[in-house]
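got a predicted model here, sequence first, then my questions.
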Amino acid sequence: MRLGPQACGSLDESSKREWLVADGVGGYAMGTVAGLRTRRYHGLLVVAVDGPANRMLGLAALDPVVVAGDARFRLATDEWGDGTVDPRGHELLVSFDLEDGVPRWRWRIGGIVVERELAAAHGSPVVGVVHRLLAADRPVRLELTPLCTWRSVHGERHANGAPAVEHDDGGFEFEQAYRVAGAGWRAGGAWYRGVRAREEAARGLADREDLWAAGTFAVDLEPGACHEVTASVARLDDPAPAATAAVAGARARAARLLAAAGARDDADAQLVLAADRFAITTSGRPTAVAGYPWFGEWSRDLMTSYEGLYLTTNRVDEGREVLRTSAATVSEGMLANTADTGSLEYNTVDGTLWFVHAAGRHVEVAGDEDLGNELAPVLEQIVRRHLDGTRYGIGVDPGDGLLRQGAEGWALTWMDARVDDVPVTQRAGKPVEVNALWIRALDVAARLVRGGDYTALRDKAAASFAARFVRPDGGGLYDVVDGPGGDDASVRPNQLLAASLPGSPLPAGATRAAVDACRRALLTPLGLRSLSPDDPRYRPYHRGSPAERDAAYHQGTVWPWLLGPYVDAARAAGVPVEGVLAGIEGHLGEWGLGSVSETADGAAPHLATGCPFQAWSVAEVLRVRRAL
């Protein structure tokens, strides 16, 4: 993926395209093509402290200056509290590449060409930044100013006295939290006050902070020579790993991942590498980050993403451990929805059922009967507790065998947004996708659990599903039946799960009706709307303050991950799907580079919103693209 001088030199374009490298333990480096920090989350060293639920921003930026004779050319791009952009280094940027997941910038100043590459050292909180002088028609000196802080990624820090910084000849240690090392270090120290993050202002959040300029790395470079800076969670007297080694290691890792996954074309390769950013190890266990930059672990997202992240990419051994460690969190028949608090929470009706589906797909795809036998007692506990009833009113209606849910103040399905602690889409009763997943869970239990009469339970639930959810007007499926206000005929994409999951309980005509309803009202180039535009509750834009965004989150906002269920359901119904993924493939170069966003506006042109890098968006697009 390459951007040229027009895209790079336009701040409007280059500041809206973001790159990401992940360290495999929950931390990352992230920024924009322009080099402008538009989010409080942007930085070169973001450390996951005790897991991704607690990330700290350390090295925010490394501002470069090229000195040629008496002239100084500042290559950074910074924005200040009054809206001034200074310096404007993006105007000297002639290209940006993302190759093997490694971002690379090139600036040209007449006959001088400078390149920057950076990569994380996989498995530890280390980032290496390499500047290389590719060409020069005069002597060149490179100066790099590290801009530092140590704060939660979700907040800001302001000047309040000098921070504790220790220096030596090779760099410095910032507040005993991390080290920055490189050649030509000269200690300094001053606050850069009023640095602005424009995307935070757009999200209705605080957008100003202060950063500490710790000094300068300054070296003379000959053409072909490079300068290396490494930032890491290490003490001053620890040896710093080579930045060039981090870059080489990232490229070698990408080659191994692509070979193991059998990448088929450029878009497939980008998605495989995007999937790798979410797969992490924390506290000795494999898991996945739901999205960058602000999400941590979410079990529902992990299980919805499971097949795309682990099976499609041939990471079966890693996936097996994910299922094992997840199974250990089951309590009262519910999977813990590990959350951004870092604690175990039991607050979803569908996360557990997605876990059962993931276990079933693992055994079906990998032929891993041993794991199936190992998980059978947990699967049996899940089914039995759902039959008997568990938290939040989750339990099977003995009359029809369908699963109901609902508790005051709780939104337990994936449509879980709340405003002032009031659910926007509570969906109490019997939601359509929850019951499709319940029928799928009974199928898996019948296959893997010995001695249980799950086939009869499955057949009863399937018959009731077809009788209760199919709308008599031919308009697809009800979204919820037996809710507090009766049956809900809202046109939402949840009905696609009934047609796309293995062992669908729907007759062919109902499958076609569900697909047609979603195709007409919900399908966009970037995914499926969460509510029909014909509904008076429809919100076309996912923008504004946190409350405004949450109110629109599932009321019309587009979700790319739903392209997976749509394509599966359309194929089952015999509906053509040629070109359905063309928009999302183009999107790989539009926002979170090489990745897929969390959401997009319901209204055209469907500008991306939410997290630029989202696990289930990538996983489902990768999975279904392979299926095609």
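Noted; the coordinates are in hand.

off-centre distance for stretch 522-542?
Counting by Cα atoms, centre = their mean, to the nearest Å, stretch 522-542 is centred 21 Å from the centre of its parent chain.

what are the ranges of the strands in the stretch 1-150 of the chain?
Ranges of strands in the stretch 1-150 of the chain, per DSSP state E, counting those that start in this stretch, are 2-3, 18-22, 28-32, 43-48, 55-68, 71-74, 77-79, 85-88, 93-99, 102-109, 112-120, 126-135, 140-152.

typo on my end, it should be the stretch 401-550 of the chain
So, for the stretch 401-550 of the chain - with DSSP E, counting those that start in this stretch - the strands run 403-404, 418-419, 422-423, 430-431, 480-483, 486-488, 523-524, 527-529.

circling back: of the strands of the stretch 1-150 of the chain, which is nearest residue 361?
Across the strands of the stretch 1-150 of the chain, residue 361 has its closest neighbour in strand 18-22 (24.7 Å, Cβ to Cβ). C-beta here means a position set from N, CA and C on the backbone, and glycine is covered the same way.

hmm, back to that, just say which of the strands of the stretch 401-550 of the chain is most tucked in.
Greatest average neighbour count among these goes to strand 430-431 (a mean of 30), per mean count of other Cβ atoms under 10 Å.

who are the packing partners of that strand?
strand 480-483 (3 or more Cβ pairs under 8 Å, 6 or more residues apart in numbering; DSSP states H and E).

each with direction, which strands does the strand it packs on pair with?
Strand 480-483 pairs in its sheet with strand 430-431 (antiparallel), strand 486-488 (antiparallel), by DSSP bridges.

distance to residue 245 and mean pLDDT for those - can I get that in CSV?
Shown next, in CSV, are the strands paired with strand 480-483 (distance: least, Cβ to Cβ, whole Å; pLDDT from 0 to 100):
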stretch, distance to residue 245, mean pLDDT
strand 430-431, 50, 98
strand 486-488, 57, 97
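
save the strands of the stretch 1-150 of the chain as JSON lines, and put in mean neighbour count and distance to residue 440 too.
Shown next, in JSON lines, are the strands of the stretch 1-150 of the chain (neighbours: other Cβ atoms under 10 Å; distance: least, Cβ to Cβ, whole Å):
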{"stretch": "strand 2-3", "mean neighbour count": "16", "distance to residue 440": "43"}
{"stretch": "strand 18-22", "mean neighbour count": "23", "distance to residue 440": "31"}
{"stretch": "strand 28-32", "mean neighbour count": "24", "distance to residue 440": "34"}
{"stretch": "strand 43-48", "mean neighbour count": "27", "distance to residue 440": "33"}
{"stretch": "strand 55-68", "mean neighbour count": "23", "distance to residue 440": "35"}
{"stretch": "strand 71-74", "mean neighbour count": "14", "distance to residue 440": "57"}
{"stretch": "strand 77-79", "mean neighbour count": "22", "distance to residue 440": "49"}
{"stretch": "strand 85-88", "mean neighbour count": "16", "distance to residue 440": "52"}
{"stretch": "strand 93-99", "mean neighbour count": "19", "distance to residue 440": "37"}
{"stretch": "strand 102-109", "mean neighbour count": "20", "distance to residue 440": "40"}
{"stretch": "strand 112-120", "mean neighbour count": "23", "distance to residue 440": "37"}
{"stretch": "strand 126-135", "mean neighbour count": "23", "distance to residue 440": "42"}
{"stretch": "strand 140-152", "mean neighbour count": "21", "distance to residue 440": "39"}
